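J.: Structure, please.
(one chain, ligands or ions: 2)
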Amino acid sequence: MGSETPLLPLCLPVIDFSNEYLKPGEPEWDLTSADVQKALQDYGCFEASFDRIPIELRKLVFETLEELFDLPLQTKLRNVSKKPFHGYVGQYPMVPLYESMGIEDPDVAERVNAFTKPLWPQGNNSFSSTRIHTFSKKLSDLDITIRRMIMESFGLDKYIDEHLHSTNYLLRVMKYKEPDTEETKLGLNAHTDKNIVTILYQNHVEGLEVQTKDNNWIKVKPSKDSFIVMIGDSLHAMLNGRLHSPNHRVMMTGTETRYSLGLFSIPKAGHIISSPEELVDEEHPRLFKPFDHVEFLQFYYTQAGQRSQSALKTYCGI
Ligand SMILES: O=C(O)CCC(=O)C(=O)O
Ligand SMILES: [Fe+2]
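T.: Numbers count the residues shown, from 1 in each chain. Ligands and ions are numbered 1, 2, ... in the order given. Have a look, this model is predicted:
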């Protein structure tokens with residue numbers, strides 16, 4: 001009889017962020033930080049249970065998403081940005097079920113108004129802006145908590161403020177049309193995120209899958225109160241490879257539309273991502289040359305970037 005290695009259950013670690021004692025200096029903070037570090041080393045991803053965004057607001061945000069995507073295509077195309085893939089994305093033959101829009105700086109009320117105004121020029125949709133803004137602001141608190149914990153767990157306390165100021169937020173709202181067939185259809189191609197940290201929230205329709213380091217796919221089944229937290233390539237590079245940046249995709253089945261939102265913390269243009277000396281030693285030689293995130297993104301969208309197994313390694317790997 002061969003010895004059997006017990007299979008690890010294919011699900012993401014769940015970490016609680018609703019605890020009222022989760023403050024720097026409290027024992028809960030250190031315990032949670034250790035869990036965050038372990039989950040991100042092993043999976044690059046975890047499920048965060050976070051009750052600070054009232055369920056009513058979350059429902060209203062999905063109502064706004066439905067209204068947004070029900071607008072005529074011509075109107076949705078008014079969502080434009082100077083940065084690549086920050087505006088309306090959709091109508092791609094490779095991923096025909098997928099459509100998304102981008103809201104830059106959703107934590108700033110005026111910037112959300114600048115997004116909604118061209119979409120509803122004569123309508124009074126100030127409530128939609130308020131929902132998106134309030135939701136994003138509360139979710140950015142979770143992003144900050146997690147990034148603070150990550151920096152502390154690698155002894156990078158002195159860089160926390162500089163790091164937190166080096167990013168902007170982008171909220172992407174996404175719709176995946178139901179395939180309406182028995183078969184499973186691709187919703188979004190497998191990719192790694194290119195930013196710092198992504199926090200995802202979805203309606204009741206599942207579809208997100210995350211690849212483990214040993215190449216298995218985990219079908220993510222978040223509970224109602226949970227958000228999926230994921231590391232992007234820029235944080236992977238900044239931490240000299242210490243945290244995993246996971247491949248993930250969306251696979252759709254069934255007859256229901258999937259709506260999701262992603263809050264992306266993204267390095268500001270001109271900010272150079274470079275691993276601090278503290279994370280470079282004989283055991284951990286420097287893995288990446290310093291790089292500008294916007295220039296890296298531009299490379300990612302070239303043919304060479306799209307063809308590489310890891311755009312990050314091709315672009316700035318040592
Ligand atoms: O819709 C989702 O859950 C995932 C979206 C995603 O991976 C992305 O926008 O980068
Ligand atoms: Fe992604």
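J.: I figured Ser140 hits Asn168, correct?
T.: No. The criterion here is Cβ atoms under 8 Å, and Ser140 misses it with Asn168 at 10.5 Å. Yep, even glycine has a C-beta here, placed from its N, CA and C like the rest.
J.: Check whether stretch 156-174 comes near ligand 1.
T.: Yes. Against ligand 1, stretch 156-174 shows contacts by Cβ under 6 Å from any ligand atom at 172, 174.
J.: mind checking the backbone torsions on the residue in the stretch 201-318 of the chain positioned nearest to ligand 1?
T.: Ligand 1 sits closest to Ser260 of the stretch 201-318 of the chain, with a gap of 3.6 Å, by Cβ to the nearest ligand atom. When read as degrees, to the nearest 10, the backbone of Ser260 gives phi -140, psi 160.
J.: and if you look at Leu139?
T.: According to degrees, to the nearest 10, Leu139 has phi -70, psi -30.
J.: next one: Ala34
T.: phi -60, psi -40.
J.: Can you report how many residues lie near the residue in the stretch 1-150 of the chain positioned nearest to ligand 1?
T.: Scanning the stretch 1-150 of the chain for the residue nearest ligand 1 gives Ser100, at 6.8 Å (criterion: Cβ to the nearest ligand atom). Per other Cβ atoms under 10 Å, the neighbour tally for Ser100 reads 21.
J.: could you point out where the chain is predicted with low confidence?
T.: Scanning the chain for pLDDT under 70 picks out 1-9, 123-124.
J.: could you pull out the helices for it?
T.: Assigned by DSSP state H, the helices in the chain fall at 27-42, 55-70, 73-76, 109-116, 126-153, 160-165, 233-238, 293-300, 303-307, 311-316.
J.: Mind checking those helices for the one nearest to Asn189?
T.: helix 303-307 (9.8 Å; Cβ to Cβ).
J.: so how far is that closest one off the chain centroid?
T.: 22 Å (Cα atoms, centre = their mean, to the nearest Å).
J.: still on that earlier bit, looking at it, the residue of the stretch 201-318 of the chain closest to ligand 1 is touching Leu200, isn't it?
T.: Yes. Here Ser260 reaches Leu200: they are 6.0 Å apart, a contact under Cβ under 8 Å.
J.: what do these two both touch?
T.: In terms of Cβ atoms under 8 Å, 6 or more residues apart in numbering, Ser260 and Leu200 are both contacted by the residues Leu208.
J.: How about the contacts made by the most centrally placed residue in the chain?
T.: Geometric centre of the chain, nearest residue: Thr198, 2.0 Å, by Cα atoms, centre = their mean. Contacts for Thr198 were tallied using Cβ under 8 Å, 6+ apart; they are 229-232, 262-265.
J.: Identify the residue spatially nearest to it, adjacent ones excluded.
T.: Distances taken as Cβ to Cβ, 6 or more residues apart in numbering put Met230 closest to Thr198, at 4.6 Å, once the chain neighbours are dropped.
J.: Any idea what that neighbour is bridged to?
T.: For Met230, the beta-bridge partners under DSSP bridges are Cys45, Thr198.
J.: How much space separates the residue nearest to the centre of the chain from ligand 1?
T.: 6 Å (Cβ to the nearest ligand atom, to the nearest Å).
J.: Any residues of the stretch 151-300 of the chain in contact with ligand 1? List them.
T.: The interface of the stretch 151-300 of the chain toward ligand 1, taken as Cβ under 6 Å from any ligand atom, is made up of 172, 174, 188, 193, 200, 202, 208, 248, 250, 260, 262.
J.: Show me which pair in the residues you listed is furthest apart.
T.: Among these, Asp193 and Gln202 lie farthest apart (Cβ to Cβ), at 15.6 Å.
J.: returning to what we had before: the residue of the stretch 1-150 of the chain closest to ligand 1 and Gly87 touch, don't they?
T.: No. Using Cβ under 8 Å, Ser100 is not in contact with Gly87, being 9.4 Å away.
J.: Return the residues in contact with the nearest residue to Leu142 once chain neighbours are set aside.
T.: Nearest residue to Leu142, sequence neighbours excluded (Cβ to Cβ, 6+ apart): Phe50, at 5.4 Å. By Cβ under 8 Å, 6+ apart, the contact list for Phe50 reads 17-18, 142, 225-227.
J.: are any of those buried, and which?
T.: Buried members of the contacts of Phe50, counted by 16 or more other Cβ atoms under 10 Å: 17, 142, 225-227.
J.: Strands of the stretch 201-318 of the chain, residue ranges please.
T.: 208-211, 217-219, 226-231, 248-252, 258-267, 272-273, 291-292 (DSSP state E, counting those that start in this stretch).
J.: Quick one: closest of the ones you listed to Lys158.
T.: Across the strands of the stretch 201-318 of the chain, closest to Lys158 is strand 272-273 (Cβ to Cβ), at 17.3 Å.
J.: list the helices and strands that closest one packs on?
T.: Judged by 3 or more Cβ pairs under 8 Å, 6 or more residues apart in numbering; DSSP states H and E, strand 272-273 is in contact with helix 233-238, strand 291-292.
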